[in-house]
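Peer 1: for reference, the sequence and a predicted model appear below.
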2 protein chains.
Amino acid sequence: MFVVNFKEREELPVELPGSKNATMRWLVGKQDGARTYAMRFFEIKPGGIIPLHTHPEKHETFILEGEAKLLGGEEDTVAKKGDVVFVPPNQPHGYENTHGSKVFRSIDVIPLLKKD
Amino acid sequence: MFVVNFKEREELPVELPGSKNATMRWLVGKQDGARTYAMRFFEIKPGGIIPLHTHPEKHETFILEGEAKLLGGEEDTVAKKGDVVFVPPNQPHGYENTHGSKVFRSIDVIPLLKKD
């Protein structure tokens, strides 16, 4: 068992091509002995983006702060503080922080296995 | 893909015997097609408790608001806003909100399979 503040985890740039002003931290992952899913912390600054992309892993996401346009769903869908976003496997998705001043922060849980 | 506010999910009492002033909501679960892990929202009011218990499923937890005494670890361990708690399988754990006024809220992710 451990307790760690999210700020103690290294802040890494999101490496997906086309991403801008977006970072992530591994909160619980393989380094901690997790085998089937990992918890990550994402931050997208105003004007930042994680562009539309697709992969076999689903997402279970909770929005901590701010809001962002959710790409790949119904037009003008916004994910904001207190919202839950579920992205099934192989569904195109992305986030764009079109808010002028608020930072967008989320907790995202993704499979470590190539299923679900 | 869907977006839903956590308040739209039914608030249920925590059924573990000995729990008090503690509720949970299924944010993403089997009802949504998730097969390997589920995301839940927990709330423990001041004076509330989820007592020490053990099960084969691990926990990956992020604290959204407030603070609580983490039972089962080192004495006087506190989990507070912005902290991540990892509980490995079969390790006794629980939470007690000993703060006088703040509500404790967390996002918890638990396996739906009897492993990890």
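Peer 2: In hand now; what should we look at?

Peer 1: strand partners (parallel or antiparallel) of the longest strand anywhere in chain A?
Peer 2: In terms of residue count, the longest strand belonging to chain A (DSSP state E) is strand A:37-53. The pairing partners recorded for strand A:37-53 under DSSP bridges are strand A:20-28 (antiparallel), strand A:93-96 (antiparallel), strand A:104-111 (antiparallel).

Peer 1: measure how far stretch A:9-19 is from the centre of its chain, please.
Peer 2: Taking CA atoms, centre = their mean, to the nearest Å, the mean C-alpha location of stretch A:9-19 is offset from the chain mean by 10 Å.

Peer 1: just the CA atoms of the helix or strand just after the longest strand of chain A, as PDB, please.
Peer 2: Under the assignment DSSP states H and E, the closest C-terminal helix or strand after strand A:37-53 is strand A:59-65. C-alpha atoms of strand A:59-65 as PDB (Å, rounded to 0.1, in the frame of the first residue of the first chain):
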ATOM      1  CA  HIS A  59     -10.600   4.900 -21.500                       C
ATOM      2  CA  GLU A  60     -12.400   5.500 -18.200                       C
ATOM      3  CA  THR A  61     -11.900   9.200 -17.400                       C
ATOM      4  CA  PHE A  62     -13.000  11.600 -14.700                       C
ATOM      5  CA  ILE A  63     -12.600  15.400 -15.200                       C
ATOM      6  CA  LEU A  64     -11.000  17.100 -12.200                       C
ATOM      7  CA  GLU A  65     -10.900  20.700 -13.400                       C
END
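
Peer 1: do the helix or strand following strand A:59-65 and chain B come into contact?
Peer 2: Counting by DSSP H and E, the next helix or strand C-terminal to strand A:59-65 is strand A:67-71. Yes. With CB under 8 Å from any CB of the partner chain as the criterion, chain B is reached by strand A:67-71 at A:L70. Just so you know, the C-beta spots here come from the backbone N, C-alpha and C atoms, and that holds for glycine as well.

Peer 1: list the beta-bridge partners for the closest residue to A:D32 other than its chain neighbours.
Peer 2: Nearest residue to A:D32, sequence neighbours excluded (CB to CB, 6 or more residues apart in numbering or on different chains): B:F86, at 5.6 Å. Beta-bridge partners for B:F86, by DSSP bridges, are A:F2, B:E60.

Peer 1: output the strands paired with strand A:37-53 as TSV; include the columns mean pLDDT.
Peer 2: Shown next, in TSV, are the strands paired with strand A:37-53 (pLDDT from 0 to 100):
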stretch	mean pLDDT
strand A:20-28	98
strand A:93-96	98
strand A:104-111	97
